[in-house]
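In: What follows is a predicted structure for the sequence shown.
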Amino acid sequence: MTDTGERNRPQGTLTKGSPDEAGSSGSTRKGGGDPATRGRTTIADGVVEKIAGLAARDVDGVHAMGGGLARTFGAVRDRVPGGSGSKSVSRGVKAEVGEVQTALDLEIVVEYGVSIADVARDVRENVIGAVERMTGLEVVEVNIAVSDVKLPDEEDDEPQGRLQ
């Protein structure tokens, strides 16, 4: 049985000692066809989650991502030295990534006074545009759950000082 590399090579195009064989004439032979078709690219769920999280946060009216408990634990984790700050980027985002398509679930907190329907539409447009542009995947759905409304006189759930 041959390995994957040998199985994908075209068979019968070169014979041993042929002047086209790499190294015998001093030049390297390049493969034919479109370079984009040579190999496979996989994109991890976490990559799509980060892209979607950043795109959603860019929308006016989105106060935060994730539910109250997740935001509180995330804020504490972010303040611990050596904590995973990158996890906060994807907080409130869940992606299911296939070979050519992805589906996203987002949990957001909106600012008081904004139209939730307008914010949800803007989040969908921004997330779909960013994910499709950066990954080439087709976004088949973006489900948005509004878990809270940030009132003007409410304090954030996130602690303000350093941990002792």
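Out: Perfect, thanks for sending it.
In: State the mean pLDDT of stretch 36-52.
Out: Averaged over stretch 36-52, pLDDT sits at 93.
In: what about it, how long is it end to end?
Out: End-to-end distance of stretch 36-52 (CA to CA, to the nearest Å): 25 Å.
In: Could you give me the buried positions within it?
Out: Going by neighbour count (16 or more other CB atoms under 10 Å), the buried part of stretch 36-52 is 43, 47-52. The way it works is simple: take the backbone N, C-alpha and C, and place the C-beta from them, glycine included.
In: will you turn these into a markdown table that also has secondary structure and distance to Ala103?
Out: As requested, the buried residues of stretch 36-52 are exported to a markdown table (DSSP: H, G, I helix; E, B strand; the rest coil; distance: CB to CB, whole Å):
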| residue | secondary structure | distance to Ala103 |
| --- | --- | --- |
| Ile43 | coil | 14 |
| Val47 | helix | 15 |
| Val48 | helix | 10 |
| Glu49 | helix | 12 |
| Lys50 | helix | 16 |
| Ile51 | helix | 14 |
| Ala52 | helix | 11 |
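In: Closest one to Val142 out of these, please.
Out: Ala52 (7.8 Å; CB to CB).
In: right, and that closest one touches Val127 too?
Out: Yes: using CB atoms under 8 Å, Ala52 is in contact with Val127, at 4.8 Å.
In: Please enumerate the shared neighbours of these two.
Out: Contact criterion CB atoms under 8 Å, 6 or more residues apart in numbering; residues bridging Ala52 and Val127 by contacting each: 104, 106, 142.
In: And the longest helix belonging to the chain, what does it pack against?
Out: If you go by DSSP state H, the chain has its longest helix at helix 116-135. With contacts taken as 3 or more CB pairs under 8 Å, 6 or more residues apart in numbering; DSSP states H and E, helix 116-135 sits against helix 45-57, strand 101-111, strand 138-150.
In: Flag every buried residue along that helix.
Out: Buried residues in helix 116-135, counted by 16+ other CB under 10 Å: 119-120, 122-124, 126-128, 130-131, 135.
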